[in-house]
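# Need a 3D model of the following:
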Amino acid sequence: MKVSVGSRRRWGALTLAVGVSIGLLPISGVGAAGANSVTVYYQPPAAWTGAVNIHYAPDGGAWTAVPGVAMEAACTGWRKRTIDLGSATGLQLVFNNNAGTWDNNNGQNYRAGTGVVTVAAGKLGTTDPCGTAPSPTPGATAEVYYHTATRGWTSANIHYQPTGGSWTTVPGLAMTTACTGWAKRVVDLGAATTMKAAFNNNAGQWDNNNGADYPLGTGRTTVQA
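Residues are numbered from 1 along each chain as shown. So this is what the prediction gives:
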């Protein structure tokens with residue numbers, strides 16, 4: 001497996017004991033720090049007592065794999081998910097209880113922009129219901145590219161743990177198509193500057209660097225077998 005990390009300083013290649021090679025990747029285009037994001041708060045129906053997923057598509061982009069990605073508990077009665085929109089300024093979104101019941105705004109889907117969005121009883125708002133609006137200054141980010149063509153995958157999720165933090169809920173977050181054979185995801189690391197990551201095709205097949213996971217840092221990184 002090969003991991004390449006982009007940097008504005010040129011470093012010599014470093015080979016790790018687990019066989020992962022870290023080297024220079026040229027910087028081009030707009031960096032990950034310029035990505036747009038939206039924090040969605042959802043108030044599920046009282047009958048939804050278990051998991052809640054958000055299934056979404058950034059404007060001009062693809063939908064997440066069904067049933068979407070898991071939302072985390074926010075304050076009492078609310079679930080929350082912060083979504084990286086890349087260069088998009090809006091998205092379509094629907095919700096489900098991970099057991100076949102959906103809230104898709106009566107078939108019209110919900111539409112939202114960047115910033116804070118609330119969805120409750122079919123109505124949208126922009127006021128944080130938990131009084132903890134996201135900081136205007138984002139944390140460190142990692143722009144991760146994964147070579148899906150190596151394994152013949154048509155889609156990929158990234159499952160990761162920022163150093164000192166928790167792992168994402170399995171199977172992780174959906175990656176978007178970057179170009180032929182490559183998937184991409186910008187990850188918010190918060191106060192961390194490194195993370196461990198593994199990848200899967202949302203159908204039970206995993207790439208976890210032979211059980212060692214991939215050690216990744218901030219900036220742009222490519223992972224290729």
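# Quick check on Ala149: phi, psi?
Dihedral pair for Ala149: phi -60, psi -30, per degrees, to the nearest 10.
# which stretches of this protein have low pLDDT?
Counting by pLDDT under 70, the ranges of the chain that qualify are 1-35, 132-139.
# In the sheet, which residues pair with the residue positioned nearest the centre of the chain? Tell me.
By CA atoms, centre = their mean, the chain has its centre lying nearest to Leu173, at 4.2 Å. Assessed by DSSP bridges, Leu173 has beta-bridge partners Ile158.
# Hmm, it is touching Ile158, no?
Yes. Using CB atoms under 8 Å, Leu173 is in contact with Ile158, at 5.7 Å. For the C-beta atoms, the positions are set from N, CA and C on the backbone; glycine is no exception.
# Overlap in contacts, these two.
Common contacts of Leu173 and Ile158 (CB atoms under 8 Å, 6 or more residues apart in numbering): Arg185, Val187.
# Tell me who's in contact with Trp167.
Neighbouring residues of Trp167 by CB under 8 Å, 6+ apart: His159, Tyr160, Gln161.
# Of the residues you listed, just say which sits nearest to Thr126.
Comparing the contacts of Trp167 against Thr126 with CB to CB picks out Tyr160 as the nearest, at 29.0 Å.
# The closest one: what's it in contact with?
Trp167, Thr168, Gly172, Leu173, Val187, Met195, Lys196, Ala197, Ala198, Leu216.
# As CSV, the residues you listed with distance to Ala140 would be great.
Formatted as CSV, those follow (distance: CB to CB, whole Å):
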residue, distance to Ala140
Trp167, 18
Thr168, 16
Gly172, 19
Leu173, 17
Val187, 9
Met195, 10
Lys196, 15
Ala197, 15
Ala198, 20
Leu216, 12
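# just curious, which of those residues is nearest to Leu91?
Of all those, Leu173 has the smallest distance to Leu91: 14.4 Å, by CB to CB.
# Look up how far Val116 lies from the closest one.
Counting by CB to CB, to the nearest Å, the separation of Leu173 from Val116 is 20 Å.
# Confirm that Thr150 lies within a helix, as I assumed.
Yes. Applying DSSP: H, G, I helix; E, B strand; the rest coil, one finds Thr150 inside a helix.
# Test my guess that it contacts Ala225.
Yes. With contact defined as CB under 8 Å, Thr150 and Ala225 form a contacting pair (4.1 Å).
# which of the two has more neighbours?
For the pair Thr150 and Ala225, the greater number of neighbours falls to Thr150 (14 against 11), based on other CB atoms under 10 Å.
# how close does Gly122 get to Asp103?
8 Å.
# Neighbour count: the two, which is higher?
Legend: neighbour count by other CB under 10 Å for Gly122 and Asp103, higher for Asp103 (19 against 10).
# so that one bridges to which residues?
Counting by DSSP bridges, the residues bridging with Asp103 are Phe95.
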